[in-house]
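J.: I need the structure of the sequence given here:
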Amino acid sequence: MTFGEYIREIREEQQLLLREVASQMNIDTALLSKIERGTRMARKEQAEALAKVLKQNKNELLQFWMADKIVFMLKDEKNITEILKIVEQKINRLSKK
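T.: Below is the predicted model:
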């Protein structure tokens with residue numbers, strides 16, 4: 001499930017209209033629709049606003065958003081597994097500092 005699909009599912013469970021959520025976020029309905037459909041990546045501030053409007057845990061929602069962002073960045077690369085191994089090594093070194 002993508003970030004957009006996840007957001008749409010939560011919004012629909014809460015019986016909120018797209019225009020209601022977009023209005024509370026101060027963004028255009030078309031932009032929120034694109035985010036939900038996955039044709040546009042939400043900015044971090046927008047993901048945070050979605051967490052607030054949908055009354056979701058901000059950290060959990062941001063983790064889901066970041067995972068999608070990474071997938072979007074790497075989706076066309078041939079050696080994704082190798083790239084992610086290097087990233088993991090670098091993160092491990094950073095966490096030891």
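J.: right, and residue 24 touches residue 51 too?
T.: No - using CB atoms under 8 Å, residue 24 is not in contact with residue 51, being 11.9 Å away. Glycine gets a C-beta too; all of them are placed from N, C-alpha and C.
J.: which residue of those two possesses the greater neighbour count?
T.: Between residue 24 and residue 51, residue 51 has the larger neighbour count (other CB atoms under 10 Å), namely 20 against 14.
J.: off-centre distance for the host helix or strand of residue 83?
T.: Using DSSP states H and E, residue 83 falls within helix 80-96. Here helix 80-96 is found 21 Å from its chain centre; the criterion is CA atoms, centre = their mean, to the nearest Å.
J.: buried sites along it?
T.: Neighbour counts over helix 80-96 (16 or more other CB atoms under 10 Å) mark no residue as buried.
J.: which elements pack onto that helix?
T.: Helices and strands touching helix 80-96, by 3 or more CB pairs under 8 Å, 6 or more residues apart in numbering; DSSP states H and E, are helix 58-74.
J.: which one in the chain is furthest away from the centre?
T.: The centre of the chain is farthest from one residue, residue 97, which by CA atoms, centre = their mean lies 28.2 Å away.
J.: from residue 38, how far out is it?
T.: Residue 97 is 36 Å from residue 38, where distance means CB to CB, to the nearest Å.
J.: please apply the same query to residue 12.
T.: Distance of residue 12 to residue 38, computed by CB to CB: 16 Å.
J.: now residue 7
T.: Look at residue 7 and residue 38: by CB to CB, they are 10 Å apart.
J.: these two: who's more crowded?
T.: More crowded of residue 7 and residue 38, by other CB under 10 Å: residue 7, with 25 against 14.
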